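Novice: Mind looking at a prediction? Sequence and model below.
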Amino acid sequence: MPLESVGLIAVGAGLAVGLSAIGAGIAEKDIGAAAVGAIAEKDEMFGKGLIFTVIPETLVIFGLVVAIMILGLAG
C-alpha cells in the first residue's frame with residue numbers, strides 16, 4: 001500500500017474520533033447545564049442527570065470503534 005494512502009487512512013481515523021468527540025462535547029454542554037439546574041431544584045434528580053450526562057459519551061466510543069475499523073484497512 002502506498003505511503004500516501006496510509007496517511008489518508010490515518011487522517012480518516014483521526015477525523016472519526018475527533019468529530020465524534022466534538023459532537024459529544026456540544027451535546028454534553030447543554031445536557032450538563034440542564035442536569036445541574038435540575039439537581040439544584042430537586043436532589044432526587046442526581047441519578048437521572050448523571051445518566052443523561054453520560055449518554056453522549058457513547059458517541060465517542062462509536063467514533064473510536066469506527067477509527068479502529070478504518071485503521072484495520074491499513075493492514
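Specialist: That came through, no problem.

Novice: Can you give me the separation between the residue nearest the centre of the chain and Ser5?
Specialist: Central residue of the chain (CA atoms, centre = their mean): Val60, 2.3 Å from the mean position. Per CB to CB, to the nearest Å, Val60 is found 26 Å from Ser5. In short, each C-beta sits where N, CA and C put it, glycine included.

Novice: and what of Ala35?
Specialist: 44 Å.

Novice: Give me the more crowded residue out of the two.
Specialist: Ala35 (19 against 11; other CB atoms under 10 Å).

Novice: so the residue nearest to that one when sequence neighbours are not counted is in which element?
Specialist: Nearest non-adjacent residue to Ala35, counting by CB to CB, 6 or more residues apart in numbering: Gly49, 3.3 Å away. If you go by DSSP states H and E, Gly49 is part of helix 46-54.

Novice: What angle do helix 46-54 and the helix or strand in which Ala24 is found make with each other?
Specialist: Following DSSP H and E, one finds Ala24 within helix 3-41. With axes from the mean of the first three to the mean of the last three CA atoms, to 10 degrees defining the directions, helix 3-41 sits at 160 degrees from helix 46-54.

Novice: Mean confidence (pLDDT) on helix 3-41, please.
Specialist: On average, the pLDDT along helix 3-41 is 92.

Novice: other SSEs contacting it?
Specialist: Packing partners of helix 3-41 (3 or more CB pairs under 8 Å, 6 or more residues apart in numbering; DSSP states H and E): helix 46-54, helix 57-72.

Novice: any idea of the mean pLDDT in the last one?
Specialist: If you average the pLDDT over helix 57-72, you get 93.

Novice: Tell me how far that helix lies from the chain's centre.
Specialist: 9 Å (CA atoms, centre = their mean, to the nearest Å).

Novice: go on, stretch 52-72?
Specialist: 6 Å.

Novice: got a list of contacts for that stretch?
Specialist: Contacts with stretch 52-72, where a contact means CB atoms under 8 Å, 6 or more residues apart in numbering, come from 9-10, 12-14, 16-21, 23-24, 27-28, 31-32, 34-35.

Novice: With that, I have no additional questions.
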